[in-house]
Structures are given as C-alpha cells and as structure tokens.
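Enquirer: Everything below, folded, please.
(chains A and B)
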Amino acid sequence: MDLVVAVLFQLVYGIANLALISLGLAIIFGMMRVINLAHGEFLMLGGYTVVVATNAGVNIWIAMLILAPLVVGLIGVIVERLLIRWLYGRMVDTLLATWGLSLLLIGLVTSIFGASTGTTISPPLGIIRIGDYSASGYELFLIGVTVVLFIAVWATLKLTKLGLVARGTMQNPEMSAALGVSNTRIYMITFGLGAAVTGLAGGLLAPVTGVLPTIGATYIAKAFITVISGGASILAGTAAGSILLGGVNGIFAFITGPTIGEVALLVSAIILLRLLPRGITGRFFRKSL
Amino acid sequence: MNGNDTLRAMKPVFVFALIGVVFMFAAPYVLQLFTIINLTTAIALAVLALSLALVWGYGGILCFGQVAFFGLGAYAYTIAAINFGGSTWAILVAVMVASAFAAILGYFVFFGRVSDVYLGVITLTVTLIFFSLIRRTSGPDYKIGNALIGGFNGVTSPPLNLPWDTSSFLFPEHVFYVAMAALILCYVFCGWLVNTRFGRVCAGIRENELRSELLGYDSRLYKLGIFTISAGIAAIGGVLFCNGVGRITPDVFNLYNAALTIIWVIVGGRGTLIGPIAATFGLFYLTSALGGQSVLNNNLVLGVILIFFVLLVPKGVAPTITDWFTKRRKPARNSRRRRKQGRST
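Expert: Numbers count the residues shown, from 1 in each chain, chains lettered A, B, ... in the order given. Sure, this is the predicted structure:
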C-alpha cells in the first residue's frame, strides 16, 4: 500500500513537472500562435535569477516566487519589442528567430557566468514520510504550485478584464482594435506573462536540477511535445498532454528505467499526432480554455 | 520534361561540380595535411547541409532534425563496421538505417498531415531524445554485436577501407578524395533530382500543396520520398564525418549542431544547393577561428547570425546575389528598349 502511494506520488510529480515546464510555452503558443524556441532558455534564466539572488543574500522564497518571474517577464517584454513583433504571422521565421535568440542567450549567459556554475542551492523543505518510504517535501510543494498556477492563469484569462481583452484580441485583432484596444500592448503583455510563468517554473526547478547555460535543452524537448500533443487550448491542452505523456513516461520509467521512459514519451506523442494531428484538444474539449 | 531539358537546366550544377573536381585534385598539392584533414570534416558537414537544402529548400519540409539522420548514419556505420570488420557494407547499412528511420518517422508526420511548424518541432525533439538516449548508454551492458555504444564518450570509428579489401585502410589524405568525390556526386545527384519530374512535383507542393493535390498528386507520398532520400544523403555525410574525426559521440545530436545545420541553409539560401554548401565552408572556418579566442562565445555569434539573417536577409546569400545580378541586368535592357521606342516615334 505504501509502495503504491509512493509510486503514485512520483507519477503525479512527473505530471506536475511536465505541466509546470510547459505552461509558459502553452500560453504564448495558444494565445499568439508563436512557438518560442527560446523557451528552454527562459527557464534557464529563471534558474540563474534564483541562484544569483540567493547568493546575494535574498531569501530563497522571494527569489523563486517573485524575482524569477519578474526578471524573466521583463526579458520577455524586451524580446517581444525587439524581435517577435516584426514577425507576427510568419510562424516559420518566428521559430527561426527565437532559435537564434536561444543560442544568443546561451552564449550570453556562458560569457557572463561561465560554462558551469559553482554554487548550487539545495531544495528547501524536508522529507515527508509515506509509511516505509519517503518523498521530498519540495516535490509536494511543486505539485501544489502547479495546481495554484493553473488556477491563477484560468482566473486571469476568464475573470479579469485583461484576460477578456487578450482573448478577444487573439480571436479577432481587427475588431478589438476597432473597439479601441491597443493590440501591440496586448501582445506585449501576453508574451511577457508567458515568459513570467516560464521564469517562475525555471526558478522553482533550479534547486532540483541545478543551473547550467545549456540546461534549457533538457526541458524543451519535453515541453514542446507536451504542448503539441495537448493542442491549441492552453490549460486543458497542457493538462491533458501532461497527464497522458507524464503518465506514459512515469509508468515506463518505473518498469524499465528513465531512458526508456523518455523514448516511450516521444513514441506515444508521435503515434498520438498520427491519430490526432491537431493535438488532444483539437478533437476533445474543444471549447475549453 | 524530357532528358534534354533536364540536362540543360543542370548546366550550373555541372559548372560547380567541375570546379569541385579541380579543387579535389589541386588541394592536396597546395594545402598542408592538417588543413586537408580539417577540410574533410567540413566536406562531411557540407553533405549534411546539402541534404537539408534539398528537403527544406526544394521539398519545403522544415526538418530541424537533419542531424538526427546524420548522427544515426555515423553510429550505424561505426557499429556495422566494427561488427563486419570492414567498411564496404557498413556504408550501405548506414544509409539504409537512416533512410528507414526517416521513412517511419515521415509516415507518421506526413500521413498524419502534421503542419510544417509542428514538423520542425517534432524532428528537433526526436534529435534531442537521441542525444539524451545515447548519452545514457555507457557501460558494458549497452552493445550491439561487438560494438559498445560508449555513452557520453562515443565510439571510435573504424577507418574506411578499399571495397571488399578489409586489410587496406585509407589514410586521411585518401579519405579527403573519397569525401570530396562523395560531395560532388551527392551534389550532382541532388541537382539532377530537383530537375526531374519528381523534383518538380516536390517544388510544386512546396509552393502550393492544395493546388498540387487538386491536380492529382499525393503530396504525402512525394514529401515522404524526398524526406527519405535526404536522410540517406545526410547519412553519407555522417559516414564521412566519423571518418574525418575518427570517432562519433552523442554530441552530434545536440541543440548546437541542429541549429548549425539550419544556419548553413538560411545563410546560404533556401532554394539553392550550392549556397548552403558554400555557407558550410565559410561558417566552418569562422567557428574554427572563433574557437581560438575566448572573448566571443560561439553560441552568441551564431545566434546573432541567425537572427540577422531571419530579420534582414531572409532569402540567404546565394539568392540575394542572383537577384542583385538579374536586377542590374534588367534595367539596362529596358532602357535600351525604351530608347529604341523613342527613336521610332
């Protein structure tokens, strides 16, 4: 019984982890149809923010929950102003430009902080006991944060004026402009918010994974495949994609080890796309957010 | 389109191929052995660039994971050559493995009618999964036949030998001839392919997929075909690469190399074959020169180059030069005609 609970906990953590790293990407993709290939680097920057801030003596919780999203959100706004806004509607070019941005950020961070970081931060919170087994309290915290984050994004999009205007702009830019909304501002804010969510995720994961300039590459494969499998709906898509792929990954990893788990994740995603080319939410829960 | 037309359209291809042949025979007399060995690696990468130029520039398929086929070819060659004790069949195995993998992957993405942007992301993901998969294969448990996969450190690749004569290995200066000949042959093959009926249909699908389908062409089959062929060419590049370097490591599958391949084609120009080849040589020497200093990071420079070209020179160098020349020639002809008209009235 304890074993079952412990394994289930790991499975849920795997799913939450996937959802956490994918949510920022899903917001930017779902709202703006921009695939941000520098997503992994936004996560990396969130991690660096936390490491630099804690080394400077800032409380780790403030660094993770406030500074990381703030810094990366600002970087996102700058990137949108300088790069993305020239390329709206040209998906392939956006993809290539953000890839260039990804290399640029890796190079920049390597130049500033070096190819590896000496200081790492250990995860706060202790160990929780599940009968004979133990699990990390920080992992439980991450599951909680992921759930809260999903609710917060849902509430922002559904209940606030900003969310309403943003969704309207994405549906019909001409109409919203005619009604007096500044589309460029909405695009900027949306991209910034997506980047902020990504930065938060990167900051929260920094104690678990450590930070390296090239750490983005370990996230992006999983994040992309989750968002693409999930389809166009931001929250339902990410949740469905994470549950399906995280579940497959967790089960295979439990049976055979982590290597096969990742391959199984990819293979199931490719088979899924053969059956549902527009992702899960292209067929099911189409009206969901 | 009959054979004569195809040959006529291929005239520039033969010109560049001839230049390549002259270079192949002249270079060993002019250049030092060290440069020749370096050049062999650059040639292998140029074959990779050529394969992406074919599938992206002419097939319109945004494949971000061309290095996956390149690396797969290199690994398949190495493992097969170790097991067979000779390179002759190993080369064939490398091409077959990469093409077969591309055909399977292509079946899922093209027959699922996945859109082009998704396709880019999926191929990139496949590459990165290969990277993390092969990195974890260190230790004696992971082996195929007699060949250890070697995880992070990779495998030492057996050198090429003369066909069916496993005792006569080729020395680096001979591998250069093989590599250059392979590049020229692949280039002529691609130049021929894009001018055949098959190549023209592929170009038609690139321009307007719906219209091509309405004309009765099954775009899925054509895309799958050009995707598979280009994977085979990439595998040839992989075979040359692991011979030039002497070993193959999982690093071929990393994000940096995937990006580099894209950059060669962007800089060289989509829709040309010689542009990406030239860009590969140019950027190969740029990155080698950058490797010698520590002020500017390679990633940084490549990122700036990529952003610069996407924003300001989206067509790439080769088409921009061609456009410039045709533009310069045309106004001259028009003004002459105008003058003539002026006289007659």
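Enquirer: which residues in the stretch 101-250 of chain A form helices?
Expert: Remark: helices assigned in the stretch 101-250 of chain A by DSSP state H, counting those that start in this stretch are A:137-159, A:161-171, A:173-178, A:183-209, A:216-230, A:234-256.
Enquirer: could you dump those to a markdown table with mean pLDDT and mean neighbour count?
Expert: C-beta: built from backbone N, CA, C; applies to glycine. Formatted as a markdown table, those follow (pLDDT from 0 to 100; neighbours: other Cβ atoms under 10 Å in any protein chain shown):
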| stretch | mean pLDDT | mean neighbour count |
| --- | --- | --- |
| helix A:137-159 | 92 | 16 |
| helix A:161-171 | 89 | 16 |
| helix A:173-178 | 89 | 13 |
| helix A:183-209 | 92 | 24 |
| helix A:216-230 | 87 | 26 |
| helix A:234-256 | 88 | 21 |
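Enquirer: Show me the strands in the stretch 201-345 of chain B, by range?
Expert: Here the stretch 201-345 of chain B has its strands, by DSSP state E, counting those that start in this stretch, at B:247-248.
Enquirer: low pLDDT regions in it?
Expert: B:294-295, B:330-345 (pLDDT under 70).
Enquirer: Around chain A, pick out the residues from it.
Expert: Taking Cβ under 8 Å from any Cβ of the partner chain, the part of the stretch 201-345 of chain B that reaches chain A is made up of B:254-256, B:259, B:262, B:266, B:296-307, B:310-311, B:314.
Enquirer: same thing but at 7 Å, please
Expert: B:254-255, B:259, B:262, B:266, B:297-300, B:302-304, B:306-307, B:310-311, B:314 (Cβ under 7 Å from any Cβ of the partner chain).
Enquirer: so what's residue 242 up against?
Expert: In the absence of a named chain, chain A is used. For A:Ser242, the contacting residues are A:Ile15, A:Leu18, A:Ala19, A:Ser22, A:Thr226, by Cβ atoms under 7 Å, 6 or more residues apart in numbering or on different chains.
Enquirer: Switch to chain B, please.
Expert: If you count contacts by Cβ under 7 Å, 6+ apart, then B:Cys242 has B:Ala74, B:Tyr77, B:Thr78, B:Ser157, B:Ile248 around it.
Enquirer: Between the residues you listed, which sits nearest B:Tyr118?
Expert: B:Ala74 (27.0 Å; Cβ to Cβ).
Enquirer: Provide the secondary structure category for that closest one.
Expert: Following DSSP: H, G, I helix; E, B strand; the rest coil, the label given to B:Ala74 is helix.
Enquirer: What distance do you get for it to B:Phe14?
Expert: 30 Å (Cβ to Cβ, to the nearest Å).
Enquirer: Which of the two has more residues huddled nearby?
Expert: Neighbour totals were compared for B:Ala74 and B:Phe14, and B:Ala74 leads with 31 against 12 (other Cβ atoms under 10 Å in any protein chain shown).
Enquirer: Count residues in the vicinity of the closest residue to that one other than its chain neighbours, would you?
Expert: Among residues not flanking B:Ala74 along the chain, B:Gly238 sits closest, at 3.5 Å (Cβ to Cβ, 6 or more residues apart in numbering or on different chains). Burial of B:Gly238 is recorded as 32 neighbouring residues (other Cβ under 10 Å).
Enquirer: ok, the residue in the stretch 151-300 of chain B that chain A sits nearest to - how many residues close by?
Expert: Using Cβ to the nearest Cβ, B:Leu300 is the residue of the stretch 151-300 of chain B that sits closest to chain A, at 2.7 Å. Look at B:Leu300: counted by other Cβ under 10 Å, it has 20 neighbours.
Enquirer: Just confirm it contacts A:Ser111, I think it does.
Expert: Yes: between B:Leu300 and A:Ser111 there is a contact under Cβ atoms under 7 Å: 6.5 Å.
Enquirer: and residue 160, how many residues sit next to it?
Expert: Unless you meant another one, I'm taking chain A. So A:Thr160, with other Cβ under 10 Å, has 11 neighbours.
Enquirer: that answer is for a different chain, and I need it for chain B
Expert: 23.
Enquirer: same check, this time on B:Ile129
Expert: Neighbours around B:Ile129, by other Cβ under 10 Å: 22.
Enquirer: returning to that earlier point: can you pick out the most distant pair from the contacts of B:Cys242?
Expert: It's B:Tyr77 and B:Ile248 that sit farthest apart of the contacts of B:Cys242, by Cβ to Cβ, at 8.3 Å.
Enquirer: where do the contact lists of those two overlap?
Expert: B:Ser157, B:Cys242.
Enquirer: Would you map the helices across the stretch 151-300 of chain B?
Expert: Shown for the stretch 151-300 of chain B, the helices assigned by DSSP H, counting those that start in this stretch span residues B:172-193, B:197-207, B:209-214, B:219-245, B:255-268, B:274-291, B:298-312.
Enquirer: that older thread, enumerate every residue touching the residue of the stretch 151-300 of chain B closest to chain A.
Expert: By Cβ under 7 Å, 6+ apart, the neighbours of B:Leu300 are A:Leu104, A:Gly107, A:Leu108, A:Ser111.
Enquirer: which bits of the stretch 51-200 of chain B sit near chain A?
Expert: Residues of the stretch 51-200 of chain B found near chain A (Cβ under 7 Å from any Cβ) are B:62, B:108, B:111-114, B:116-118, B:120-122, B:125-126, B:128-129, B:132-133, B:136.
Enquirer: re earlier: filter the contacts of B:Leu300 down to just the ones in strands.
Expert: Among these, no member is found in strands (DSSP state E).
Enquirer: dump the residue contacts of A:Ala53.
Expert: Here A:Ala53 is in contact with A:Ala63, A:Leu67 (Cβ under 7 Å, 6+ apart).
Enquirer: Quickly find the element holding it.
Expert: Element membership for A:Ala53, per DSSP states H and E: helix A:39-55.
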